[in-house]
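> Requesting a structural model of the entry that follows:
(one chain, ligands or ions: 2)
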Amino acid sequence: MSTVSGKETGLLFRQLLDYKSYTYTYLLADPVSRIAVLIDPVIDMVDRDVALVRDLGLDLKYAVNTHVHADHITGTGEIKKRVAGCKSLISKVSTAKADVHISEGDVIKFGPYQLDCYSTPGHTDGCMSLVLRSEGLVFTGDAVLIRGCGRTDFQQGDAGKLYDSVHTKILSLPRFFKLYPAHDYTGQTSSTVGEELQHNQRLTRTRDEFIKIMHNLNLPYPKQIDKALPANMVCGVFDASQ
Ligand SMILES: N[C@@H](CCC(=O)N[C@@H](CSS)C(=O)NCC(=O)O)C(=O)O
Ligand SMILES: [Fe+2]
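Ligands and ions are numbered 1, 2, ... in the order given. Predicted coordinates for the structure are as follows:
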C-alpha cells in the first residue's frame, strides 16, 4: 500500500504467523472502502487479528478457510462472534459448516478486488486456492507449500489428485505470480510459480514419481488432529452460531 496525495492506494496486505502451528493468516483489504478478507485465521491468534482489523479501521466482511485444517483450530467462528457482519466461508465440498459455501469459479469481492476460487483437491477433497489475479497473488492453502506440498495420507488425501490440481490450476498460472501457502516450517514466507516449477522437490517430478514420494513420507500425524478436525467442521466453535 502507498500514499498518493495523502490517500492510501493499492491493496492492503498482511501476512501473519501463528508461531505454534506455523500457520500463515492473510489479511487483505481495499484501502478505499476498507472492506477486508481474512484467510485461514487461527483460534489462538484471534485477539491479534481482531485488534489489527480495528487498528486499521477495516470492515472485515469475510473469514475464509482454504480447507478443514488438521493441525490447528480455525479462528473463523470466534471472529464471527466478535466482528459484527463478518461471514465465514469454506468450500461446499468440505461439508463443513459456514455462512457461505464456495465452489470452483466463485468470486469473493472486496471493493474493486476479487479472489477467484479454484478447487484444488488432493490434500483434502475440499481444498480451495484463492487467486487475486489483478495483483498476481495466490493463496494456496496446503496444496502447494514452499518447495513442498500438503500431505496426502489422511482427510481424503490423494496424491494423484493433488499433482493434477496443482499442475492444472496453480503451476499453470503466470510464472511471476506469487504463492502464499497456509504453512511454512522453514521460515520462508512466499514463493512464485516459476520458482516452484524449477525447485519444488516433489512437484517437479513425474506424476508417478510424485505419488511414490507422497506414499513414502511417513510423517507423524499432526498433534492436534483429533481435536482440530471435529472443531473445524463447525468453524472452530461447538455452538450453533458456527
Ligand atoms: N507437525 C505438525 C504437522 C505438520 C504437518 O503435517 N503439516 C501438514 C499441513 S497441516 S494439515 C502438511 O501437509 N505437511 C506437509 C509436509 O511435507 O510436512 C503438527 O503436529 O501439527
Ligand atoms: Fe491441511
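> pLDDT below threshold where in the chain?
Low-confidence segments of the chain, defined by pLDDT under 70: 1-8, 238-242.
> Spell out which parts of it neighbour ligand 1.
Applying CB under 6 Å from any ligand atom, we find that the chain lies next to ligand 1 at S21, A70, D71, D142, G148, G150, R151, H183, L219, P222, K223, Q224. All C-beta atoms are positioned from the backbone trio N, CA, C, and that covers glycine.
> From L132, how far off is D125?
The gap separating D125 from L132 is 24 Å, by CB to CB, to the nearest Å.
> quick one: which of these two has more around it?
Using other CB atoms under 10 Å, the more surrounded residue of D125 and L132 is L132, with 23 against 18.
> Pairing-wise in the sheet, spell out the partners of that one.
L137 (DSSP bridges).
> K87 now?
The partner residues for K87, given DSSP bridges, come to Y62.
> One more: the one 4 residues further on?
For S91, the beta-bridge partners are I102 (DSSP bridges).
> give the contact list for it.
Each residue near S91 by CB atoms under 8 Å, 6 or more residues apart in numbering is listed here: H67, H101, I102, S103, C117, S119, G126, C127, M128.
> By neighbour count, which of the residues of the chain next to ligand 1 wins?
Neighbour max across the residues of the chain next to ligand 1 (other CB under 10 Å) = D142, 28 neighbours.
> With adjacent residues omitted, what lies nearest to that one?
Among residues not flanking D142 along the chain, G150 sits closest, at 3.2 Å (CB to CB, 6 or more residues apart in numbering).
> Same question for C127.
Leaving out its chain neighbours, the residue that sits closest to C127 by CB to CB, 6+ apart is H67, at 4.4 Å.
> next one: K161
That would be G122: by CB to CB, 6+ apart, it lies 4.1 Å from K161.
> Double-check that that neighbour belongs to a helix.
No. Using DSSP: H, G, I helix; E, B strand; the rest coil, the secondary structure at G122 is coil, not a helix.
> from what I can see it touches Q155, true?
No. Contact between G122 and Q155 fails when scored by CB atoms under 8 Å: they sit 10.4 Å apart.
> Count the residues that sit near P181.
P181 is flanked by 27 other residues according to other CB under 10 Å.
> let me fix that: G85
8.
> So it is in contact with A63, correct?
No. Counting by CB under 8 Å, G85 stays clear of A63, with 11.1 Å between them.
> The one residue sitting closest to the centre of the chain bridge partners, please.
In the chain, the residue lying closest to the centroid (CA atoms, centre = their mean) is G141, at 3.6 Å. G141 forms beta bridges with P181, as assigned by DSSP bridges.
> need the contact list for it.
So G141 contacts D40, T66, H67, T120, H123, C127, M128, S129, G150, P181, A182 (CB under 8 Å, 6+ apart).
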